[in-house]
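*Asks:* Build me a model:
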Amino acid sequence: MTENATTVNTGKDYSPSWQRRFEMLDYLEADKLSYDAMRKTDKYKALSFGEKFRVSRNFLALFFGSIYYFCKGMWAKGLFIIAISSIYSMLLMTIEAAAGRLFIPSIAYWLPPAIFTFLLANYDYYRKEKLGEKIWSVIPAVFGEIKVILPVAVIAFAANIYFAYQITMMLPDPYLGY
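*Replies:* Next up, the predicted model:
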């Protein structure tokens, strides 16, 4: 168990679909391997397309992102995703401000975080339930504490809103023609 983990949830009843996912992730040794390492194994490559899709894709996470993580009890990861998404958004707005006009399509703002959650949600939920993992092992364990990540996420989100307002007022709108 890593320092980013706590005790495991035991005695919990899972739906048949989650039981199948957990069995496949057990077979793929997802409790011992990183997501990328698991996907590079011969066991993973031997799975059918449907099995690969079932184990490593989650449409609810694609559409609901951090809210899906919150509903599954992965608070620290959900808040971290909000913080990183806000910082990413501010970076894109900085590029637009430096160029002096709005030119990045809105899909570029929301698609990368959505794809991230789409790909990792099942793996993350498995690791939360099996290992009690709070935050990814590559992230400092301090971000697994709600008292740390909550203010970071709130500040990043608020800064993102403020920054978006400032950029919007500063740059001409190409869609409205002024």
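*Asks:* alpha carbons only for contacts and neighbour counts from here, please
*Replies:* Fine.
*Asks:* buried stuff in stretch 35-52?
*Replies:* Within stretch 35-52, the residues that qualify as buried by neighbour count (16 or more other C-alpha atoms under 10 Å) are Met38, Arg39, Tyr44, Lys52.
*Asks:* I meant stretch 14-26, not that one.
*Replies:* Going by neighbour count (16+ other C-alpha under 10 Å), the buried part of stretch 14-26 is Trp18, Arg21, Phe22, Met24, Leu25.
*Asks:* how about the buried residues of stretch 35-52 in JSON lines, adding secondary structure, distance to Thr117 and pLDDT?
*Replies:* Converted to JSON lines, those look like this (DSSP: H, G, I helix; E, B strand; the rest coil; distance: C-alpha to C-alpha, whole Å; pLDDT from 0 to 100):
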{"residue": "Met38", "secondary structure": "helix", "distance to Thr117": "17", "pLDDT": "95"}
{"residue": "Arg39", "secondary structure": "helix", "distance to Thr117": "16", "pLDDT": "94"}
{"residue": "Tyr44", "secondary structure": "helix", "distance to Thr117": "20", "pLDDT": "95"}
{"residue": "Lys52", "secondary structure": "helix", "distance to Thr117": "16", "pLDDT": "94"}
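*Asks:* Point out where this protein drops to low pLDDT.
*Replies:* Of all residues in the chain, those with pLDDT under 70 make up the ranges 1-11, 173-178.
*Asks:* Tell me where it has helices.
*Replies:* Counting by DSSP state H, the chain has these helices, from start to end: 16-27, 35-39, 42-46, 49-56, 59-64, 66-71, 75-99, 107-131, 146-170.
*Asks:* what would those look like in CSV with distance to Pro140?
*Replies:* CSV is the format used below for the helices of the chain (distance: least, C-alpha to C-alpha, whole Å):
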stretch, distance to Pro140
helix 16-27, 25
helix 35-39, 18
helix 42-46, 28
helix 49-56, 24
helix 59-64, 24
helix 66-71, 19
helix 75-99, 11
helix 107-131, 16
helix 146-170, 11
